[in-house]
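Chemist: structure for the following, please:
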Amino acid sequence: MFGRLAAKQVPNKEYAVVPGKVNPDLQRERKKCTFDTLELTHFLDGGVEKYKDRKERENFFLSDPELMDDVPPELMSHEDQYRNGLKKACYLFKKLKELRENGGTIDNYRQLLGGSLGSAILKDGNPLALHYVMFIPTLMGQGTPDQCAYWIEKAWDCRVIGTYAQTELGHGTFIRGLETTATYNPKTQQFFLNSPTLTSYKWWPGGLGQTANYAVVVAQLYTKGECHGIHPFIVQLRDEKTHRPMPGVIVGEIGPKLGMNATNNGFLAFKQVPIPRNQMLMKNAQVLPDGTYVKSPSNKLTYGTMMFVRVVIVQDMASYLAKAVTIAVRYSAVRRQSEMVPGQSEPQIMDYLTQMYKLFPYIATVYALKFSAQWLWNMYNDVTAKIDAGDLELLPELHSIACCLKAVSTADTATAIETCRLSCGGHGYMACSNLPTTYGNVTAASTYEGENTVMLLQTARALMKAYAKAQAGEQLSPTVEYLNRNRKFRPWSNTVDSIVEGFKQIAAGKVAACALSLQRGVESGLSSEEAWNRASVQLVDAAEAHCRAFITDRHLDMVRNGMNELSPALREVMAQLCDLYCVFWALKRTGDFLQFCGIRGEDVQNLQDYQNELLVQIRPNAVGLVDSFDLRDEIIGSALGSYDGQVYERLLQSAMLSPLNAKPVHDSYGASLSALLRAKY
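Modeler: Presented below is the predicted three-dimensional model:
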């Protein structure tokens, strides 16, 4: 209500947003573009038909008044943010059910919960997200056919609302250390869920606070007096009619956070809560009625849901970063500041090379992440199909590359979005720029579904095993095949091929150095665990180098082999972006290239010159490149980044929505300020 009242207080109507009017600087930028932006959009969408499907889907949701906000969420109280988010989420999934009944697919759910369309509708988080992202996928991946038949139908129709309760106050990424217990009693054929300590309280699951009435709970399984490690259980949290907590269930919301404040993250504890035996998800491991434990063929199968989410996270990072660079690039085309040449008019800030350097490498990063995410998604689907057929051979490779891509993509994207915010000056600090909210949503991913350092250490363990195989002359999987080559210094050339090969040499050199460090540690009398801890900084570095080698190799392969159908003009721009990404990171890792690749000081200078040249080459196409992401204004959600470039009009419009502007004199004046102004000392 106060949003509409405030709108009446606009001080100058001539400064209102004019529909259809486009900032002339943006118009000029679009005329400079050397390629067909729609051609690139079609390529990113996977073809013309998928492009049309996406546009139709976006219109289906974003044109619905029920999914629009009268008041920006950042102006709401924490409670109202949740109330508004839940209302829209329920309506959203009612529409999604309607879409599914008319032929929609599971992809519709994934897209609506991600960093593009999903974050447009629910800017600060979705309290039903984990129901679809983790609860249902866990049922599908961990349940028996009978369990799936019973639970998934109820979940799809939202007759139950679920979440995924794994992380505890005292344990997150180290899930083998979880303290929640599920103890089987063969007499009653029930498991009893218990939280024995404060640190065993479940903490963080989205939707757990006040939304979900069921959860997949990950707990230590005890039967016949023996612990068999963590297993998933379906547990009812709230009464299906009254929504009151079930007996023995302690549940609530954890409070405001840096971002995602409508997600309704919660806490959960159990006081000997009984559940039937058939509510242990038993696709991979079982407990028989008499309490006999039947082991899973692989303990990693329990982690299938986390693997799925890590794959999705990499896709989401590309979507969030596309939004941020679109905002920053369009603003940089509109904003004029200072005098590059004394006495001349103020230039667009994008004409400064420093601004190009802040932004253009991150346009390239969007594509690098998109290509890696697509490869990872394809591999995930391939491995999942093979697991269902009993083939677990590729599971370790999927786990290894998903861990490091999750870590590197989230860290890179958080840095990139903060850089985009800084590139917009003071206006980027405002909530209406949508950069603070986007940063808050992205930086959370650095810790959820596996803290990044731990993720890189898990990749490092896989690299140490691969190195041992390479030393033994065994065949390696494709992502680590470079460890089997002779990695002596090769003649350096300032080409993208040399850089990509250089990243592989760096990764191989660091992996070998870590293996030697571990060996020397053990030989000096350290235990293998202590030797690992002593080498852990270098191990993390090696895993990051491995991931950087993968991303650059994937990016170059896509440009060379995945774009043959594109026009020459577009292929040229895509090659420039690939080169920029590789050169940017080579210069960020100059020390590594000097150590492992035979590069010399003059080569570094040549790379710096080439980077500057690439920035200037990309400059005429910068706006066209972000336009090709084809993000609607509702998805961008920014006063700085709208397609029409009416930045200052939208900033003023946004300011007038503040409830503090609803009246010419705020109520607090009489309560506090007037007395201070009249005080005599």
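Chemist: what sits against Gly591?
Modeler: Contacts for Gly591 were tallied using C-beta atoms under 8 Å, 6 or more residues apart in numbering; there are none. For every residue, glycine as well, the C-beta is placed using N, CA and C.
Chemist: now do the SS call for it.
Modeler: helix (DSSP: H, G, I helix; E, B strand; the rest coil).
Chemist: quick one: it from Ala407, how far?
Modeler: Using C-beta to C-beta, to the nearest Å, Gly591 is found at 21 Å from Ala407.
Chemist: give me the buried positions along stretch 324-339.
Modeler: 324-335 (16 or more other C-beta atoms under 10 Å).
Chemist: which one of those residues sits closest to Asp53?
Modeler: The nearest member of these to Asp53, counting by C-beta to C-beta, is Thr326 at 21.4 Å.
Chemist: now the closest one: closest residue in space, sequence neighbours ignored.
Modeler: Closest residue to Thr326 apart from its sequence neighbours, by C-beta to C-beta, 6 or more residues apart in numbering: Val626 at 4.2 Å.
Chemist: near the one you found, how many other residues are there?
Modeler: Per other C-beta atoms under 10 Å, the neighbour tally for Val626 reads 26.
Chemist: do Ala431 as well
Modeler: 15.
Chemist: pretty sure it contacts Lys123?
Modeler: No. If you go by C-beta atoms under 8 Å, Ala431 and Lys123 don't touch, sitting 9.9 Å apart.
Chemist: which intervals of the stretch 101-250 of the chain have sub-threshold pLDDT?
Modeler: Counting by pLDDT under 70, the stretch 101-250 of the chain contains low-confidence ranges at 104-115.
Chemist: what's the separation between Thr410 and Val329?
Modeler: 22 Å.
Chemist: repeat for Tyr132
Modeler: Taking C-beta to C-beta, one finds Tyr132 at 32 Å from Val329.
Chemist: what of Tyr150?
Modeler: Distance, Tyr150 to Val329, by C-beta to C-beta: 50 Å.
Chemist: name the helix or strand for the closest residue to Thr590 other than its chain neighbours, please.
Modeler: In space, and not counting its chain neighbours, Thr590 is closest to Val604: 5.7 Å by C-beta to C-beta, 6+ apart. Here Val604 sits within helix 601-618, counting by DSSP states H and E.
Chemist: tell me which residues of that helix come out buried.
Modeler: Residues 603-604, 607, 610-611, 614-615, 617-618 are the ones in helix 601-618 that count as buried (16+ other C-beta under 10 Å).
Chemist: right, and the residue nearest to Thr590 touches Asp592 too?
Modeler: No. Between Val604 and Asp592 there is no contact under C-beta under 8 Å: 11.9 Å.
Chemist: okay, the very next helix or strand once past the helix holding Val604 in CSV with CA atoms only?
Modeler: Once the chain leaves helix 601-618, the next helix or strand it forms, by DSSP H and E, is helix 622-627. C-alpha atoms of helix 622-627 as CSV (Å, rounded to 0.1, in the frame of the first residue of the first chain):
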residue,chain,number,x,y,z
ALA,A,622,29.9,-5.2,-25.0
VAL,A,623,26.2,-4.2,-24.9
GLY,A,624,25.3,-6.6,-27.7
LEU,A,625,26.9,-9.4,-25.8
VAL,A,626,24.8,-8.8,-22.7
ASP,A,627,21.7,-8.1,-24.8
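Chemist: okay, the buried residues of stretch 324-339 in JSON lines with pLDDT and distance to Leu394 next?
Modeler: Conversion of the buried residues of stretch 324-339 to JSON lines gives the following (pLDDT from 0 to 100; distance: C-beta to C-beta, whole Å):
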{"residue": "Ala324", "pLDDT": "97", "distance to Leu394": "34"}
{"residue": "Val325", "pLDDT": "98", "distance to Leu394": "34"}
{"residue": "Thr326", "pLDDT": "98", "distance to Leu394": "36"}
{"residue": "Ile327", "pLDDT": "98", "distance to Leu394": "39"}
{"residue": "Ala328", "pLDDT": "98", "distance to Leu394": "39"}
{"residue": "Val329", "pLDDT": "98", "distance to Leu394": "39"}
{"residue": "Arg330", "pLDDT": "98", "distance to Leu394": "42"}
{"residue": "Tyr331", "pLDDT": "97", "distance to Leu394": "44"}
{"residue": "Ser332", "pLDDT": "97", "distance to Leu394": "43"}
{"residue": "Ala333", "pLDDT": "97", "distance to Leu394": "45"}
{"residue": "Val334", "pLDDT": "96", "distance to Leu394": "48"}
{"residue": "Arg335", "pLDDT": "94", "distance to Leu394": "49"}
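Chemist: among those, name the ones in helices.
Modeler: Within these, residues falling in helices by DSSP state H are 324-334.
Chemist: so which of those comes closest to Arg560?
Modeler: In terms of C-beta to C-beta, no member of those lies closer to Arg560 than Val325, at 24.0 Å.
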